[in-house]
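> Pasting the sequence and the predicted coordinates here, then a few questions.
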Number of protein chains: 2
Amino acid sequence: MTKPAEDTIAVRIARALAERIIAGTIEPGTRLRQDHVAEEFETSHVPVREAFRRLEAQGLAISEPRRGVRVASFDLSEVKEVAAMRAALEVLALRHAAPHLTAAILDKAEQARRDCDAATDVRAWEEANRRFHRTLVAPCGMKRLLATIDDLHAASARFLFSAWRSEWEARTDHDHRAILNALRNGDLETAIATLARHAQWIGERPVRTASGATRGAFAIVG
Amino acid sequence: MTKPAEDTIAVRIARALAERIIAGTIEPGTRLRQDHVAEEFETSHVPVREAFRRLEAQGLAISEPRRGVRVASFDLSEVKEVAAMRAALEVLALRHAAPHLTAAILDKAEQARRDCDAATDVRAWEEANRRFHRTLVAPCGMKRLLATIDDLHAASARFLFSAWRSEWEARTDHDHRAILNALRNGDLETAIATLARHAQWIGERPVRTASGATRGAFAIVG
DNA sequence: AAGATCAAAATTATAGATAATTTTGATCGC
DNA sequence: GCGATCAAAATTATCTATAATTTTGATCTT
């Protein structure tokens, strides 16, 4: 208990583990053992179990009864699935957010777009990219929808971190510009169509995993 | 421990509570007290806490740190939100399921449609309706998408049970027929457009709550 | 009487201990 | 040598107990 603990211990553990899973520090398929995690966070295993349930809900881990929890592994079809879901839901969110978009909000998005452009590492790029998308869809005010989109973003990010190419930036930036321009011109349909395409674009390249093997990796970079 | 317990206790508690919340046995806003639930299920509160996390993930309950868990309450805007999400995701699922739809599957959907028609109570109607939708979208094989849709269906059902009108059946049946016909004719776009409209149709009427007050109730009947 | 204040009760959150299940590793038989 | 079998170890799931927080209710003041 190093910190005053604004949130519950379980929440903090869940966040910490989610970060690692997303960043790829823990490889897919790895078993998460509650006692080990409990020891690391200097707590008992009860909060750890609750954290596991949260990760499970986010789709970052899967648990089999009596057999523990493992980090969820993804294949290409699942990456595509997440991308398709994101596209469908972000389009919906943007449609509902559109009437509430102000110049100030678009400026904030513009800033996020520039930060994206200026990012020198994946983490910063991912943060700015997520901020761009969230700024545009948040005004819809639909909490459940936004929460679901956030979870999908987290799932996407896992792949982004494992396979990243600089040339993707250019394409992404081009799309971001197009979306913003369309919105400034009041052309909602063009913005939505661009977003729909954008969120489903998937990059692919072989990567070397931590364990040494080479496998195909895919990233949602929208 | 009356049963051999195929699943973990937490899972069973979560299922039992979810059923009650959906059926409306427990009113929205009610606090779920872990010791009481634990006593009822003849267990300790640890599995109960895990069950709460699952309900939370499904959107059936909300928990505030250190202040316990309450049954999620819905207002009209949230009902609309769930309906809109379902429409967007079911359309996506149907699009991906379409290439895998066989005559046998359409026949199964036809059967579900008939069961819907023949249902004499809300429960049976809801079951058949869900089966109709699931039969058509399941062939897409996208697990995460299907799981999300299931959760949205559960959320929808809560309102269906609290406000139900016989005339809704007719409209629903008409839509179900139209979707099936379009699919049999290979007209995917018409099927999708109908589904999109269908899933967002919301019924409304005043109902008397368990506590005696009258309030507006809404139901997603698609 | 209405509102604020404080103490008791109820409830949540966590810890430590126990029971049950799965995994692992080594031995035995073929 | 290879596979099956069984026992030991590790791990999960649950229970009982304790600490901390919030809610409740009664008293006191204005």
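Received it, and whenever you're ready, just let me know what you need.

> Quickly list the domain ranges of chain A.
For chain A, automatic domain parsing gives the domain ranges A:9-71, A:76-220.

> will you turn those domains into a markdown table that also has mean neighbour count, distance to B:Met142 and mean pLDDT?
Where C-beta positions appear, they are placed from N, C-alpha and C, glycine not excepted. Shown next, in a markdown table, are those (neighbours: other C-beta atoms under 10 Å in any protein chain shown; distance: least, C-beta to C-beta, whole Å; pLDDT from 0 to 100):
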| stretch | mean neighbour count | distance to B:Met142 | mean pLDDT |
| --- | --- | --- | --- |
| domain A:9-71 | 17 | 12 | 90 |
| domain A:76-220 | 18 | 5 | 81 |
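
> Same list, those, but as a markdown table with distance to DNA strand C please.
Formatted as a markdown table, those follow (distance: least, C-beta to the nearest atom of the strand, whole Å):
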| stretch | distance to DNA strand C |
| --- | --- |
| domain A:9-71 | 3 |
| domain A:76-220 | 16 |
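
> For chain A, which residues are neighbours of DNA strand D?
Residues of chain A lying close to DNA strand D by C-beta under 7 Å from any atom of the strand are A:31-36, A:45-46, A:49, A:63, A:65-69.

> Provide a list of residues in contact with the closest residue to A:His100 other than its chain neighbours.
Excluding its sequence neighbours, the residue lying closest to A:His100 (C-beta to C-beta, 6 or more residues apart in numbering or on different chains) is A:Pro139, at 3.9 Å. Contact analysis of A:Pro139 by C-beta atoms under 8 Å, 6 or more residues apart in numbering or on different chains lists A:97, A:100-101, A:105.

> Distance to B:Phe132 added to the domains of chain A, as JSON lines?
Output for these, formatted as JSON lines (distance: least, C-beta to C-beta, whole Å):
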{"stretch": "domain A:9-71", "distance to B:Phe132": "27"}
{"stretch": "domain A:76-220", "distance to B:Phe132": "21"}
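
> nearest to B:Ala88, of those domains?
domain A:76-220 (4.6 Å; C-beta to C-beta).

> can you pull out the strands in chain A?
A:31-32, A:61-64, A:68-71, A:202-208, A:214-220 (DSSP state E).

> Which strands or helices does the longest helix along chain A pack on?
Secondary structure of chain A per DSSP state H: the longest helix is helix A:76-97. With contacts taken as 3 or more C-beta pairs under 8 Å, 6 or more residues apart in numbering or on different chains; DSSP states H and E, helix A:76-97 sits against helix A:122-137, helix A:143-162, helix A:188-200, strand A:202-208, strand A:214-220, helix B:76-97, helix B:143-162.

> Tell me the spatial nearest neighbour of the residue in chain A that chain B sits nearest to, not counting adjacent residues.
Residue nearest to chain B within chain A: A:Ala57 (3.4 Å; C-beta to the nearest C-beta). Excluding the flanking residues, the one nearest A:Ala57 by C-beta to C-beta, 6+ apart is B:Ala57, at 3.4 Å.

> so how far is B:Asp151 from the one you found?
Counting by C-beta to C-beta, to the nearest Å, the gap from B:Ala57 to B:Asp151 is 8 Å.

> got it, and A:Asp107?
Taken as C-beta to C-beta, the span from A:Asp107 to B:Asp151 is 36 Å.

> Could you do A:Leu152 as well?
From A:Leu152 to B:Asp151 the distance is 14 Å (C-beta to C-beta).

> JSON lines for the contacts of A:Pro139, including distance to B:His133?
Listed next are these as JSON lines, based on distance: C-beta to C-beta, whole Å:
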{"residue": "A:Ala97", "distance to B:His133": "27"}
{"residue": "A:His100", "distance to B:His133": "31"}
{"residue": "A:Leu101", "distance to B:His133": "33"}
{"residue": "A:Ile105", "distance to B:His133": "36"}
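
> which one among the residues you listed gets closest to A:Ala119?
A:Ile105 (21.2 Å).

> so that closest one touches A:Val137, yeah?
No: A:Ile105 lies out of contact with A:Val137 (C-beta atoms under 8 Å); the separation is 10.5 Å.

> Now do stretch A:49-63: distance to the chain's middle.
Once both centres are worked out by C-alpha atoms, centre = their mean, to the nearest Å, stretch A:49-63 turns out to sit 16 Å from its chain's centre.

> Can I get it as PDB, trimmed to CA atoms?
The C-alpha coordinates for stretch A:49-63 follow below in PDB (Å, rounded to 0.1, in the frame of the first residue of the first chain):
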ATOM      1  CA  ARG A  49      -9.100 -12.600  -8.500                       C
ATOM      2  CA  GLU A  50     -11.300  -9.500  -8.900                       C
ATOM      3  CA  ALA A  51      -8.700  -7.900 -11.200                       C
ATOM      4  CA  PHE A  52      -8.800 -11.100 -13.300                       C
ATOM      5  CA  ARG A  53     -12.500 -10.800 -13.700                       C
ATOM      6  CA  ARG A  54     -12.100  -7.300 -15.000                       C
ATOM      7  CA  LEU A  55      -9.400  -8.300 -17.500                       C
ATOM      8  CA  GLU A  56     -11.700 -11.100 -18.600                       C
ATOM      9  CA  ALA A  57     -14.500  -8.600 -19.200                       C
ATOM     10  CA  GLN A  58     -12.200  -6.400 -21.300                       C
ATOM     11  CA  GLY A  59     -11.300  -9.400 -23.400                       C
ATOM     12  CA  LEU A  60      -7.600  -9.200 -22.400                       C
ATOM     13  CA  ALA A  61      -7.600 -12.500 -20.500                       C
ATOM     14  CA  ILE A  62      -9.700 -15.700 -20.600                       C
ATOM     15  CA  SER A  63     -10.400 -17.900 -17.600                       C
END
